[in-house]
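# Attaching a predicted model along with its sequence, questions to come.
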Amino acid sequence: MTDAWTILLGPLAAPECLRASRRGWVIWVRMLPALVAGLVAFFVLWFWWIGQQFEPNHQPFQELRTALTIIEGMMVTFAMVMPPAVLAGSLAGEKERGSIGLLLTTRVNAAEIVLGRLAGRLSQIAMIELASLPLLLLIASLSGFGLVSTLTLIGLPMALAFGGSGIALAASAMSRRGRDALLFVYLIMVLILLAPLLSNLGLTEAGLVSPFVTMSLLTWNDTVEPALITSAAWTAMGILGLVLASWRLRPSCLSETDGSRTRRLARRRVWVPPMDDDRPMLWKELHIEKVGTLGQAGKWIGGLLVLWLGLGSVCLAGVAAYGYFRPKHSDWTDWAIQQSSIWYGGSAIFIGYLIQWAIGLRAAVTISSERERGTWDALLTSPLNGVEIVRGKLWGSLWALKWLVGSALLAWSITFAMGGMFWPEFAEQIVSLVVVGTFMSAIGVRTSLRSATATKAMGITIGFWLGALILAYTVAGILCGVVALLCVIGWLFAIQAGLTTFSSPPWFPMTFRLGIDLMVYTQYIAGILFVIAETRLRFDRVAGRMTEGKAAVAIDRLIHGIPMAPVLLDPKPKTEEPEVDGEPAAVSPKRIGRASANWRGEMTR
């Protein structure tokens, strides 16, 4: 069997799969989809049993199809989000570290290198997807799915994972940095998710590329053909990506090492204000680090999105206003409202996800990029403490994407004002953008503090986004289900006591959707506070200021207390240590203030 895999995928496939299977994070990550699928199956069977107690002929079509959509949707989401996170930096990261050239001098060719990376990373995705497969088969059999439909349910996530992996490897092989490849792949993913909007222009077949559209047809209507077309399209994209990666890997690596391409330094073409003495770290993030943080790919992607959201929504608003004030062209108003509802109201959730990814990815490179440039050690030796550094990185990540966030808010507000979005949907998008965006900024800074490279930090941040999304909605669903159960039990006791009858429905404190939203965003807010507090408390240890073990650090703090923040020592030695206000001058507040002012003056110059 090993020889067959070696002949098919090359000699690197087996060691890559063996190394990938020993990653500890895979075991923990695969517990999440298994737990969610188990809870979904439990609640469906439980509601089925309750329904039959009230009505013996109850048919749980709605419950089973909802459960099938949730489990299949979770597998599809994992298959789209995780492969780029683990593969986009696999080849580009090797080029950044300079080790890909040594690998190309061995007896393996470029295709074997690409297939080896594909096999290793896809084995991790397969282990995560297989955790929820038994429960998917259980719900599918209870729903009456046949053999072809069940195989399509299994094959759709596999095709998506393969296609996303091929695109990620192609982008990684041709990109100079892993972060550029990751941004490019996620942009392609968002464009594919927005493909159903092209049906408004007459391109009906374009919507079949989006997996969520065909997945809904499969799980609710048992329609197999669109899902098969989607699987075939993504498989073709994966094959094309592998061919392109194998073809361009060696020329791309050679062009990086022969000096034919020189890296252009980012230039600030705008005026930089003087440094703020009160918040120097925030000034550094806003006016220095924003240049080239996400590279040219991030700049072009953000610019196109800002134009589409801001300028497009304003143009549609102008068309609607023209039709409103010109009764002869009143049909223009209806057309503008319809287009705004389709382009901005229908895509609001995906645009929100993209902005959340952008905030998290921007925050994930704030500290790891400092390590790559060799400036992190110099920053740690400055008088800035951990709170100032973390606060500056956090707010800088949010403020750097102000134009993208503002254009999205403008587009949604115009769409809501014209009637293209309902109030609950509009409010949910605003709250989600603010709360989840702040959460992603905090997570990005924390992973960037821990990770050695920017690409690794970006991949971990996207994994946290996906895990937090699934976990938050799972916990919210459980809690809302428990509250609903208590309300039903109270209603049954009220019937027993003669206070009400079966004809009156049970009372619930709020709608299920409102309860889900409140619980989800409450968890996100709690997560923000926890991540920020944990980062501030453990900053010195994670950042590298404290190198001893936990026991040594605990004993040192017990004897000497918590160490003071680093200060700039006077380069001129003195024989006698004078006192200032009764304290040694080396640790006096005035001395520390002067040292901090001197350091800030050096940075300004």
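The structure has been received and is ready for your questions. A quick note: this is a predicted structure, and the numbers were derived from the prediction, not measured. Residues are numbered from 1 along each chain as shown.
# What's the local residue count around V190?
Counted with other Cβ atoms under 10 Å, the neighbours of V190 add up to 16. Placement of C-beta: from N, CA and C, glycine included.
# Could you chop the protein up by domain?
1-257, 348-547 (automatic domain parsing).
# Return the distance of the last one from the chain's centre.
Spelled out, it's domain 348-547. Relative to the mean C-alpha coordinate of its chain, domain 348-547 is positioned 10 Å out (Cα atoms, centre = their mean, to the nearest Å).
# do the first one as well
Between the mean C-alpha point of domain 1-257 and the mean C-alpha point of its chain there is a distance of 16 Å (Cα atoms, centre = their mean).
# what is the mean pLDDT for that domain?
Mean pLDDT, domain 1-257: 82.
# Next: the shortest one.
Rounded to a whole number, the mean pLDDT of domain 348-547 is 84.
# what's the closest of the domains of the chain to R279?
Minimum separation from R279 across those (Cβ to Cβ) falls at domain 348-547, 6.8 Å.
# wait, which of the domains of the chain is closest to Y324?
The nearest among those, by Cβ to Cβ, is domain 348-547 at 9.9 Å.
# what's downstream of the helix or strand harbouring V36, the next helix or strand?
V36 belongs to helix 24-54 when assigned by DSSP states H and E. Once helix 24-54 ends, the next helix or strand along the chain (criterion: DSSP H and E) is helix 61-97.
# picking up where we left off before, nearest to I301, out of the domains of the chain?
Among the domains of the chain, domain 1-257 sits nearest to I301 (Cβ to Cβ), with 5.3 Å.
# which residues in the stretch 301-450 of the chain form helices?
312-325, 330-340, 348-364, 368-373, 376-380, 386-399, 402-417, 423-450 (DSSP state H, counting those that start in this stretch).
# Quick check: which of the ones you listed is buried the most?
helix 348-364 (a mean of 24; mean count of other Cβ atoms under 10 Å).
# for it, packing partners?
On a contact count with 3 or more Cβ pairs under 8 Å, 6 or more residues apart in numbering; DSSP states H and E, helix 348-364 meets helix 178-193, helix 295-306, helix 386-399, helix 402-417, helix 423-450, helix 454-496.
# Distance to I167 for these - can I get that in TSV?
Listed next are the helices and strands packed on helix 348-364 as TSV, based on distance: least, Cβ to Cβ, whole Å:
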stretch	distance to I167
helix 178-193	6
helix 295-306	14
helix 386-399	26
helix 402-417	23
helix 423-450	23
helix 454-496	15
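# Which of these sits closest to S165?
helix 178-193 (9.9 Å).
# quick one: contacts of the closest one?
Under the contact criterion Cβ atoms under 8 Å, 6 or more residues apart in numbering, helix 178-193 has outside partners 80-81, 84-85, 88-89, 92-93, 96, 164, 167-168, 171-172, 174-175, 209-210, 212, 294-298, 301, 350, 353-354, 357, 361, 365, 453-455, 458-459, 462.
# Quick check, central residue of this structure?
In the chain, the centroid-proximal residue (Cα atoms, centre = their mean) is I462; its distance is 3.2 Å.
# The closest residue to that one other than its chain neighbours: neighbour count?
Spatial nearest neighbour of I462, excluding adjacent residues (Cβ to Cβ, 6 or more residues apart in numbering): A85 at 4.6 Å. By the measure other Cβ under 10 Å, the count of residues near A85 is 25.
# Could you list which residues are in contact with A85?
By Cβ under 8 Å, 6+ apart, the neighbours of A85 are 182, 458-460, 462-463.
# Who wins on neighbours among those?
M458 leads the contacts of A85 on contacts (other Cβ under 10 Å) with 33 neighbours.
# ok, that one - contacts?
Contacts of M458 by Cβ under 8 Å, 6+ apart are 85, 89, 178-179, 182, 360-361, 364-365.
# From A245, how far off is it?
The gap separating M458 from A245 is 19 Å, by Cβ to Cβ, to the nearest Å.
# Repeat that for L394.
36 Å.
# ok, and for the strand or helix carrying I125, which residues are buried?
In this assignment (DSSP H and E), I125 forms part of helix 110-130. Residues of helix 110-130 classed as buried by neighbour count (16 or more other Cβ atoms under 10 Å): 110-129.
# Now do the helix holding V36: which elements does it pack against?
Applying 3+ Cβ pairs under 8 Å, 6+ apart, we find helix 24-54 packed against helix 61-97, helix 110-130, helix 133-142, helix 454-496.
# picking that back up, looking at the helices of the stretch 301-450 of the chain, which is nearest to T511?
Closest among those, once you apply Cβ to Cβ, is helix 423-450, at 9.3 Å.
# and that closest one with helix 386-399, angle?
140 degrees (axes from the mean of the first three to the mean of the last three Cα atoms, to 10 degrees).
# same for helix 423-450, what does it pack against?
Using 3+ Cβ pairs under 8 Å, 6+ apart: helix 423-450 touches helix 348-364, helix 386-399, helix 402-417, helix 454-496, helix 512-537, helix 539-543.
# Any chance of CSV for those helices, columns distance to G241?
Converted to CSV, the helices and strands packed on helix 423-450 look like this (distance: least, Cβ to Cβ, whole Å):
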stretch, distance to G241
helix 348-364, 20
helix 386-399, 30
helix 402-417, 27
helix 454-496, 18
helix 512-537, 34
helix 539-543, 36
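# Looking at those, which is nearest to S341?
Comparing those by Cβ to Cβ, helix 402-417 comes nearest, at 6.5 Å.
# can you list contacts of that closest one?
Under Cβ under 8 Å, 6+ apart, the answer for helix 402-417 is 302, 305-306, 309-310, 312-314, 316-317, 340-341, 344-345, 348, 351-352, 355, 358, 421, 423, 426, 429-430, 433, 437.
# May I have that helix as PDB, with CA atoms only?
In PDB, the C-alpha atoms belonging to helix 402-417 read as follows (Å, rounded to 0.1, in the frame of the first residue of the first chain):
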ATOM      1  CA  LYS A 402     -11.400  52.300   8.600                       C
ATOM      2  CA  TRP A 403     -12.100  52.800   4.900                       C
ATOM      3  CA  LEU A 404     -13.300  49.300   4.300                       C
ATOM      4  CA  VAL A 405     -15.500  49.300   7.500                       C
ATOM      5  CA  GLY A 406     -16.900  52.700   6.600                       C
ATOM      6  CA  SER A 407     -17.800  51.800   3.000                       C
ATOM      7  CA  ALA A 408     -19.600  48.700   4.300                       C
ATOM      8  CA  LEU A 409     -21.500  50.700   6.800                       C
ATOM      9  CA  LEU A 410     -22.400  53.200   4.100                       C
ATOM     10  CA  ALA A 411     -23.600  50.600   1.700                       C
ATOM     11  CA  TRP A 412     -25.700  48.800   4.300                       C
ATOM     12  CA  SER A 413     -27.200  52.100   5.600                       C
ATOM     13  CA  ILE A 414     -28.200  53.200   2.000                       C
ATOM     14  CA  THR A 415     -29.700  49.800   1.300                       C
ATOM     15  CA  PHE A 416     -31.700  49.900   4.600                       C
ATOM     16  CA  ALA A 417     -32.900  53.400   3.900                       C
END
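# Give me the angle between it and helix 312-325.
Helix 402-417 and helix 312-325 meet at an angle of 30 degrees, taking the same axes, to 10 degrees as the criterion.
# Leaving out the residues flanking it, which one is nearest to G420?
With sequence-adjacent residues excluded and distances taken as Cβ to Cβ, 6+ apart, G420 is closest to S341, at 3.3 Å.
# Great, nothing more from me.
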